[in-house]
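Participant: The following block contains a protein sequence and its predicted model.
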Amino acid sequence: MQKIFNTLIDSYIDNSVGITEGFLTKRLAAHLKENLALLYQNRKMQNAGTGNEALAVQNKAVRSDQIYWLDPSHNDPYEDEFFALIDDFVKHLNSTCYTSITSYEFHYALYEEGSFYKKHIDQFRNNDSRQFSMIMYLNESWQTGDGGELCIHHDTFEQKITPLNGKSVFFKSSELLHEVALTNKPRMSITGWLKSDL
Ligand SMILES: O=C(O)CCC(=O)C(=O)O
Ligand SMILES: [Fe+2]
C-alpha cells in the first residue's frame, strides 16, 4: 500500500494534484459502490449543502449532487475498511510530509444526469480545518461525451480528470479552484477531507 500512497503524494508534490490508481482495491470500490446504489435507491441521500429552504435553492444553483456521510456508527464492514485505509494513509502522510492531520470526513456523492458543481475552493471561509481534498471515483466506464469531468483551474491551464473507477485524486483544499462539469450520466464517488483541528 505504501507504494500507492507514495504515488499519490509524489504526483501531488510534482503537479499540485495527486492521482493514483488502486488506492481503493477493486473489491472495496465495488462494495462501496453497492452501498451508494442502495442508499440512492432507498432515498437516503440528501441534496448537498442544504441547511434550510432558502439556502437549498441558492445551493442548487451551485451544486446539484446528493451526498451521504460515511460514519463508524453505521457498523458497515466496508466503511470500516475504508476508514482503516484512510487511517493508514494519514499516518503515512503525517510521518513522511510533516503534515498534522488530526481527523477526516468523507461522504458518498451521486451526481444524477444533468448535475454539476460550479467553480469553488473546498476550504470554508470561516473554518480552515480542511487541509487536503480526496476523491475516489466509482464509475465502471466513462466515455468522451459523458461529461462530468473534474476540471481543475491551475494558474495557466485547465486540467480535466475523468471520473473513472479506480482513480483517486488528492489536492490541497485551500488553493485549487475546481468544478465538476455537467454530467450526462449518473456519476458516483467518495469525496472527503483530511483535517487539522489544531
Ligand atoms: O467529484 C469530484 O470530482 C469533485 C467534487 C468536489 O469538488 C467536492 O465535493 O467538493
Ligand atoms: Fe470540491
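Facilitator: Yes, it's here. Just so it is clear, the model here is predicted, and its values are computed rather than measured. Numbers count the residues shown, from 1 in each chain. Ligands and ions are numbered 1, 2, ... in the order given.

Participant: Which residue does the protein have closest to ligand 1?
Facilitator: Leu150 (3.5 Å; CB to the nearest ligand atom). Every residue, glycine included, has its C-beta placed from N, CA and C.

Participant: how about the residue nearest to that residue when sequence neighbours are not counted, what does it touch?
Facilitator: Distances taken as CB to CB, 6 or more residues apart in numbering put Ile161 closest to Leu150, at 4.3 Å, once the chain neighbours are dropped. For Ile161, the contact set (CB atoms under 8 Å, 6 or more residues apart in numbering) comprises 17, 19, 149-152, 167, 169.

Participant: most surrounded residue in these?
Facilitator: Val169 (24 neighbours; other CB atoms under 10 Å).

Participant: Show me what that residue bridges to in the sheet.
Facilitator: Beta bridges link Val169 to Ile19, Ile135, judged by DSSP bridges.

Participant: correct me, but it touches Phe132?
Facilitator: No: contact criterion CB atoms under 8 Å: Val169 and Phe132 do not qualify, at 10.5 Å.

Participant: picking that back up, for the residue nearest to Leu150, report the pLDDT, please.
Facilitator: In this model, Ile161 is scored at 98, pLDDT.

Participant: Quickly note the distance from it to Ile121.
Facilitator: Distance of Ile161 to Ile121, computed by CB to CB, to the nearest Å: 17 Å.

Participant: Likewise for Ser141?
Facilitator: Ser141 is 30 Å from Ile121, by CB to CB.

Participant: out of the two, which sits in the busier spot?
Facilitator: More neighbours surround Ile121 than the other of Ser141 and Ile121, with 15 against 8 (other CB under 10 Å).

Participant: I'd like to know how far that one sits from Ser103.
Facilitator: Taking CB to CB as the measure, Ile121 falls 20 Å from Ser103.
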